[in-house]
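A.B. asks: Return a 3D structure for these sequence lines:
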Amino acid sequence: MPYEFLEDIATADIAFHAWGADLEEVFKATSDATMNTMIDNLDAIALSETRSFQLENDALDLLLFDFLQEFIYYKDSELLLLRAQQVEIKQIESGYSLEAITQGEKLDRDRHHQRVDVKAVTLHQFQLKKTDTGWTAQVILDI
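C.D. replies: Got it, this is the predicted structure:
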């Protein structure tokens with residue numbers, strides 16, 4: 001579990017710190033942390049439905065922001081709880097592009113232990129940084 005929830009950052013919202021050896025790992029870790037904010041038992045999510053999406057942004061941190069918003073969008077629009085299976089990030093002429101393959105299933109209130117409903121990712125103290133050992137991100141979710 002390459003993320004940890006931070007209790008001293010946001011009082012009314014949920015904050016977490018995630019990390020990975022490369023961008024793909026930190027993006028996957030942040031998506032799992034976002035889903036784990038909503039659902040207590042990530043392993044209870046069956047990987048029975050697939051959604052793929054592509055994103056572009058001129059800033060890498062805002063690409064992560066958009067990526068996390070996709071998980072909230074699918075949860076709100078289709079009641080789908082998704083986990084990132086593959087993430088590919090490329091630098092392009094206009095900034096960065098991302099292709100993601102996610103899998104999951106519809107929310108089942110009997111099997112998925114809901115914690116809180118995440119409304120959105122916030123830009124407050126939002127960070128994506130390269131470190132000596134990889135990448136880290138700090139995210140605050142509006143609940």
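A.B. asks: which element is the one residue sitting closest to the centre of the chain on?
C.D. replies: Centroid check for the chain by Cα atoms, centre = their mean gives residue 31 as the closest residue, at 2.1 Å. Using DSSP states H and E, residue 31 falls within helix 23-38.
A.B. asks: tell me, which helix in the chain spans the most residues?
C.D. replies: Longest helix of the chain, by residue count under DSSP state H: helix 60-78.
A.B. asks: in it, what's buried?
C.D. replies: Neighbour-count burial for helix 60-78, with 16 or more other Cβ atoms under 10 Å as criterion, is recorded at 60, 62-68, 70-75. For glycine as for every other residue, the C-beta is placed from the backbone atoms N, C-alpha and C.
A.B. asks: cool, stretch 44-63 as well?
C.D. replies: Judged by neighbour count (16+ other Cβ under 10 Å), stretch 44-63 contains these buried residues: 45, 51, 55, 57, 60, 62-63.
A.B. asks: List of residues touching it?
C.D. replies: 23, 35, 39, 65-67, 70, 74, 80-83, 85, 89, 92, 94-106, 111-113, 126-128 (Cβ atoms under 8 Å, 6 or more residues apart in numbering).
A.B. asks: tell me how far the ends of that stretch are from each other?
C.D. replies: Stretch 44-63 has an end-to-end distance of 28 Å (Cα to Cα, to the nearest Å).
A.B. asks: what residue ranges in the protein are flagged as low confidence?
C.D. replies: For the chain, applying pLDDT under 70 flags no range at all.
A.B. asks: need the strands for it, in chain order.
C.D. replies: With DSSP state E as the criterion, the chain has strands at 3-6, 14-20, 49-57, 80-92, 95-106, 120-130, 135-142.
A.B. asks: Tell me which of those strands sits nearest to residue 27.
C.D. replies: Closest to residue 27 of the strands of the chain is strand 80-92 (Cβ to Cβ; 4.8 Å).
A.B. asks: Now do the closest one against helix 23-38, angle only.
C.D. replies: With axes from the mean of the first three to the mean of the last three Cα atoms, to 10 degrees defining the directions, strand 80-92 sits at 160 degrees from helix 23-38.
A.B. asks: What residues sit buried inside strand 80-92?
C.D. replies: Quick answer for strand 80-92 (16+ other Cβ under 10 Å): 80-84, 87, 89.
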